[in-house]
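Participant: here is my input; please provide its structure:
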Amino acid sequence: MAMLVACSTSMPRQASAPRTPLLLISIDGFRADYLDRGLTPTLKALAENGVRAEYMRPSFPSLTFPNHYTLITGLRPDRNGIVANTMEDDRIPGQKFTSWNRDAIQNARWWSEGTPLWTTAQNNGLHSGIMFWPGSEAPVHGSYPEFWSSYDKKLAGVSRVDAVLEWLDLPIEKRPTLLTLYLDTVDGVGHRHGPDSDELDAELRIVDATLRRLLDGLVERGLDQSLNIVVVSDHGMVSTSPDRVVYLDDLLPESMAHVVSFGVLTGIVPKRGHRREAEAALLADHAHMRCWRKAELPARFHYGKNRRVPPLLCLANHGWVIFDRATLAGKSHFSYGEHGYDNDDPDMRAIFIAHGPALRKNVVLPPFDNVDVYPLLAHLLGIRPEPNDGNFDEVREALIESTR
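Facilitator: Predicted structure coming up:
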């Protein structure tokens, strides 16, 4: 794996003394109740010997890129600009943002509405090592993390762990204080086979063994008592079926509207002269989805003001998906697990686990929103956070100092 180093375009302030390193781990698609299946003893031990939340509520929409950028910026998707996994922006003509479009992923213009924590850390004289976190491949506000790698889906979890451990082996004056680790296979298996499959259970065991490798590596380096670890997921997963598909082309001819994205949350732009027809077709009552004008979305979604949000949005009911026939027929396989649903849906719940010298033991926090993680991360790094949507008071009880 090629490890890249990039320098900030601005001169960071020098940190006055070494800080306790912080490792933020994301297990993509790890639904909160997976922790109760008895298949992840390493993760369970971290939770029982540290701090965990009853569950963490993802931001809307409950999709991968929006929620990862929320976790690292403290801004909800409507404010951080990553409003969906697939989006368009007329200020960036000719380029559609998708998770597989490398040019878009590496274009800082898509990410510039938020400031990732690694940028703030570097501006405070701290080094960062970012393993595959969304946004880390673009020079957001002019700089990359010092250490980062281009996303490689085929790179095994153990290799990702070994890269993080190598960063921790660097001399202390070069060693990252902020590190992230992204593990994506639970999400991938959940999509392909569904959240209740034997394959998903097997993958939970594999990911737990990967975390065991990480913790053993920390022990070998004498860092197990001098590193703060925060483990999160971005969303949960819902079982889906080919028998639960809303076919949008039965309601809305292609001549009337441009569909930005299909799936659970579908964004639609009426074509010139067809706005009223498109609205009449979509805003009516439907058995398995609900549609809104962007300005009329429920306030609790905190969503719809960003210009990248399409004018019309349709959200599938629990366990349903939205496609047209041609798009679904063109997929290589049907996804038997999905996310993107209402972020209050219990199956969208994410995990939060924290363990380390600054964190309490045997503590369970009430549910909180994932925007609240960001001010906690900044506090653990000892830096002033950027303006954000989080509430530090929601997570303050995770800290040992809160009991003094």
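Participant: tell me the spacing between the residue lying closest to Leu312 once chain neighbours are set aside and Leu251.
Facilitator: If the residues on either side of it in the chain are set aside, Leu312 comes closest to Ile268, at 4.2 Å by C-beta to C-beta, 6 or more residues apart in numbering. The way it works is simple: take the backbone N, C-alpha and C, and place the C-beta from them, glycine included. The gap separating Ile268 from Leu251 is 10 Å, by C-beta to C-beta, to the nearest Å.
Participant: do Asn101 as well
Facilitator: Distance from Asn101 to Leu251, by C-beta to C-beta: 28 Å.
Participant: higher neighbour count, the two?
Facilitator: Leu251 (18 against 14; other C-beta atoms under 10 Å).
Participant: any idea how far the more buried one is from Gly273?
Facilitator: Counting by C-beta to C-beta, the gap from Leu251 to Gly273 is 18 Å.
Participant: swap in Ser255?
Facilitator: Taken as C-beta to C-beta, the span from Ser255 to Gly273 is 10 Å.
Participant: what sits up against the helix or strand in which Pro66 is found?
Facilitator: If you go by DSSP states H and E, Pro66 is part of helix 64-73. Among residues not part of helix 64-73, those counted as contacts by C-beta atoms under 8 Å, 6 or more residues apart in numbering are 24, 26, 28-29, 58-59, 75-77, 80-85, 99, 111, 114-118, 133-135, 180, 182, 187, 232, 234-235, 339, 350, 370-371, 373-374, 386, 388.
Participant: tell me how this structure divides into domains.
Facilitator: 19-237+346-403, 245-334 (automatic domain parsing).
Participant: mean pLDDT added to the ones you listed, as CSV?
Facilitator: Formatted as CSV, the domains of the chain follow (pLDDT from 0 to 100):
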stretch, mean pLDDT
domain 19-237+346-403, 97
domain 245-334, 96
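Participant: kindly compare burial across these and name the winner.
Facilitator: domain 19-237+346-403 (a mean of 20; mean count of other C-beta atoms under 10 Å).
Participant: ok, and the closest non-adjacent residue to Asp187?
Facilitator: Gly29 (2.9 Å).
Participant: run through the residues that contact the one you found.
Facilitator: Neighbour list for Gly29: 64, 184, 186-188, 190-191, 233-237, 337, 339 [criterion: C-beta under 8 Å, 6+ apart].
Participant: the contacts of helix 64-73 in strands, which ones?
Facilitator: 24, 26, 180, 182, 232 (DSSP state E).
Participant: and the residues you listed as TSV, adding distance to Thr210?
Facilitator: As requested, the ones in strands among the contacts of helix 64-73 are exported to TSV (distance: C-beta to C-beta, whole Å):
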residue	distance to Thr210
Leu24	16
Ser26	13
Thr180	15
Tyr182	12
Val232	16
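Participant: which one of these is nearest Ser150?
Facilitator: Among the ones in strands among the contacts of helix 64-73, Tyr182 lies closest to Ser150 (C-beta to C-beta), at 12.4 Å.
Participant: what distance do you get for the closest one to Gly340?
Facilitator: From Tyr182 to Gly340 the distance is 19 Å (C-beta to C-beta).
Participant: do Glu54 as well
Facilitator: Plainly put, Glu54 is 23 Å away from Gly340 if you go by C-beta to C-beta.
Participant: cool, Asp224 as well?
Facilitator: 37 Å.
Participant: check Gly188 too.
Facilitator: For Gly188 relative to Gly340 (C-beta to C-beta), the value is 16 Å.
Participant: before we move on, what about Thr20?
Facilitator: From Thr20 to Gly340 the distance is 36 Å (C-beta to C-beta).
Participant: could you measure the spatially most central residue of the chain against Arg396, distance?
Facilitator: In the chain, the residue lying closest to the centroid (C-alpha atoms, centre = their mean) is His68, at 2.5 Å. Look at His68 and Arg396: by C-beta to C-beta, they are 24 Å apart.
Participant: the chain: helices as residue ranges?
Facilitator: Remark: helices assigned in the chain by DSSP state H are 41-48, 64-73, 77-80, 102-105, 117-123, 157-168, 185-193, 198-220, 275-282, 325-329, 373-381.
Participant: just list the residues touching Arg92, thanks.
Facilitator: Not Arg; residue 92 is Ile. 107, 109-110.
Participant: closest one of the residues you listed to Leu170?
Facilitator: Using C-beta to C-beta, those come closest to Leu170 at Asn107, 29.6 Å.
Participant: so what's the closest residue to that closest one other than its chain neighbours up against?
Facilitator: Spatially, and ignoring its direct neighbours in sequence, Asn107 is nearest to Ala138 (6.2 Å; C-beta to C-beta, 6+ apart). Counting by C-beta under 8 Å, 6+ apart, Ala138 touches 105-108, 110-111, 144.
Participant: for Ala138, what are phi and psi?
Facilitator: phi -120, psi 150 (degrees, to the nearest 10).
Participant: what does Pro367 show for phi and psi?
Facilitator: The phi/psi pair for Pro367 (degrees, to the nearest 10) is phi -60, psi 150.
Participant: hmm, it is touching Ala53, no?
Facilitator: Yes. Here Pro367 reaches Ala53: they are 6.3 Å apart, a contact under C-beta atoms under 8 Å.
Participant: please determine how far Pro93 is located from Arg109.
Facilitator: 11 Å.
Participant: nice, that's everything, thank you.
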